[in-house]
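*Asks:* Let me see the structure of the following:
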Amino acid sequence: MNPNALARWAASLGAAAIAVALLLWSDRHAEPPVDEVRAPPPQDTASLCAQRLDQLGKALRLYADDNAGAFPVSETPADADTWLPKRLGGAKLAAGDLRCPSAGATGPPYVYHCYQTLGGRNWPRWMALEHVVTLGSPPETWLASDALTRDGPGPHSATEKAFNYLAADGRVAFHTGRPRDVYR
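*Replies:* Alright, predicted model coming up:
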């Protein structure tokens, strides 16, 4: 077969394959009739929360890399959305990114666990009096977590403690049970 004819045949075959693929794609992605439009399934807030904590972990890691391995230190455990965006500077984190999505846009702010003293609020006794975290800290050391109520369920369950936390190694973990069992 002539090489030019072979090239034309291959090009027409490729064009036909692309046309068929586009037709199949358009059939699958066509707008459904109005009476078939459904609301999107509810977002899994625990997963969205974990994604937000993961982003926070990446921003904190960049900060620590630029500051001799030290994470920002607050005076006491703090709501992350009130002061952390300013400390992280160039990180693209808005205050809303530092809130658990369990209650929509008004969800509770994450608690930042790199602090000098446990003063201020009535914090649980199982939290350390001082909790300064660096890149050299044990990997499971907490950096941030969902806000938890003392006697109520966690933000990701209507009946039990269920929450996400960010560890010093950048890992986000989901825990069901008492926070003091995994707090480091």
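
*Asks:* Tell me the helix or strand right after the helix or strand bottoming out on mean pLDDT in the chain.
*Replies:* One helix or strand of the chain scores below all others by mean pLDDT, DSSP states H and E: helix 3-28, with a mean of 46. Counting by DSSP states H and E, the next helix or strand C-terminal to helix 3-28 is helix 45-66.

*Asks:* what residues does the helix or strand following that next one touch?
*Replies:* Downstream of helix 45-66, the next assigned helix or strand under DSSP H and E is strand 78-79. Strand 78-79 is touched from outside by 84, 109-112, 115, 147, with contacts defined as C-beta atoms under 8 Å, 6 or more residues apart in numbering. In short, each C-beta sits where N, CA and C put it, glycine included.

*Asks:* same check, this time on stretch 151-166
*Replies:* With C-beta under 8 Å, 6+ apart, stretch 151-166 has contacts from 45-46, 49-50, 53-54, 56-57, 60, 100, 102-103, 107-108, 110, 142-148, 172-179, 182.

*Asks:* are any of the contacts of strand 78-79 buried, and which?
*Replies:* The neighbour count (16 or more other C-beta atoms under 10 Å) marks 84, 109-112, 115, 147 as buried among the contacts of strand 78-79.
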